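J.: Return a 3D structure for these sequence lines:
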Amino acid sequence: MPKEKKNKDKKNLPMEDVQKISLEILKFIANICEREGFRYCLMYGTLIGAIRHKGFIPWDDDVDIMMPRPDYEKFLRYAHSHKDEFAPYEIFNREVNSEYIYSITRVSDSRYIIDKEDEKNCGMGIFIDIYPYDGLGDDKANALKILARTNYLCNKIFDITRTNIKIPKTLNLKGKITFWLGRRFSSLRGVDYYINKLNKNKKKFTFDSSTYVGPAMWFFTRPEKVLFERSIFDNLIKVPFEDGEFFVPADYDKLLTQEYGDYMKLPPVEKRIYHHQYKAYKKD
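T.: Have a look, this model is predicted:
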């Protein structure tokens, strides 16, 4: 039965419920990391939320954490060998689910299911993102070059996995033909081709011996915003987030200012919008 018909009579969970469920996943992961000695910290909008709101950004259900590559790999090995402890949570990445399309790991609550507007359903529920941060060496220009290549590869993955791709209206006929031929060629190569290319990033340098580190498995509009000196993650402190406390870089101001500018200033009302564009349901 098509997922639209299957879920159309179910109640879509409100954002507040999704936030609560995501928070419980975060607590679970943080407890394991702190017990086992795995480094992690809040990142991106979750870090802004922690500093500016002491919790979620009110219009966002997203939870993002970062792990240095060595700790990320240790965490995944731990998860794979402690599946009973993890239940009802599940690891989603290409190694364990061939239908999953992303190059980072998500931890999902299997008691729920989501419908995303432009993706095929891979069985994932409400989730949080875990971004591995890789060493990018000591040469800033080369590090930026790696992240620019990452952007290119991740955009290829994104383009070929959308279910409702639209041709940009600004293209002329030649541009439209080129667009579709390029997408067709990329689709024939497949997601694994591009993820294998991305995986080469994690083998070039080590996190702890690099001057520069960054998200070499994920795309951002401007790589210079997410290329950080490794030392910014050397000292972590705990800050409040909702009813818990979680690790963040001690110099979070430097990190957030580099990425977002005046991060304490609220965006205009029209930009205070939910951005994941999925509906979440509790399983029967």
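
J.: quick one, helices of the stretch 101-250 of the chain?
T.: Remark: helices assigned in the stretch 101-250 of the chain by DSSP state H, counting those that start in this stretch are 140-161, 173-189, 191-199, 201-204, 223-226.

J.: Worst mean pLDDT among those?
T.: For the helices of the stretch 101-250 of the chain, mean pLDDT drops lowest on helix 173-189, to a mean of 84.

J.: So which elements touch that one?
T.: helix 140-161 (3 or more C-beta pairs under 8 Å, 6 or more residues apart in numbering; DSSP states H and E). C-beta coordinates here come from the backbone N, C-alpha and C atoms, glycine included.

J.: the inter-axis angle of the helix it packs on versus helix 173-189?
T.: 90 degrees (axes from the mean of the first three to the mean of the last three C-alpha atoms, to 10 degrees).

J.: what's helix 140-161 packed up against?
T.: Short answer (3+ C-beta pairs under 8 Å, 6+ apart): helix 140-161 packs on helix 173-189, helix 191-199, helix 201-204, strand 212-214, helix 223-226.

J.: and the angle for the second one with helix 173-189?
T.: What that stands for is helix 191-199. Using the same axes, to 10 degrees: helix 191-199 against helix 173-189 is 80 degrees.

J.: Please identify the buried residues of helix 191-199?
T.: Val191, Tyr194, Ile195, Lys197, Leu198 (16 or more other C-beta atoms under 10 Å).

J.: and which of those residues is nearest Ile91?
T.: Ile195 (15.8 Å; C-beta to C-beta).

J.: Quick check: closest non-adjacent residue to the closest one.
T.: Counting by C-beta to C-beta, 6 or more residues apart in numbering, Ile195 lies nearest to Ser103, which is 5.3 Å off, once chain neighbours are set aside.

J.: Give me the pLDDT for that neighbour.
T.: 92.

J.: shouldn't it be in contact with Asp192?
T.: No: assessed by C-beta atoms under 8 Å, Ser103 is found out of contact with Asp192, at 10.5 Å.
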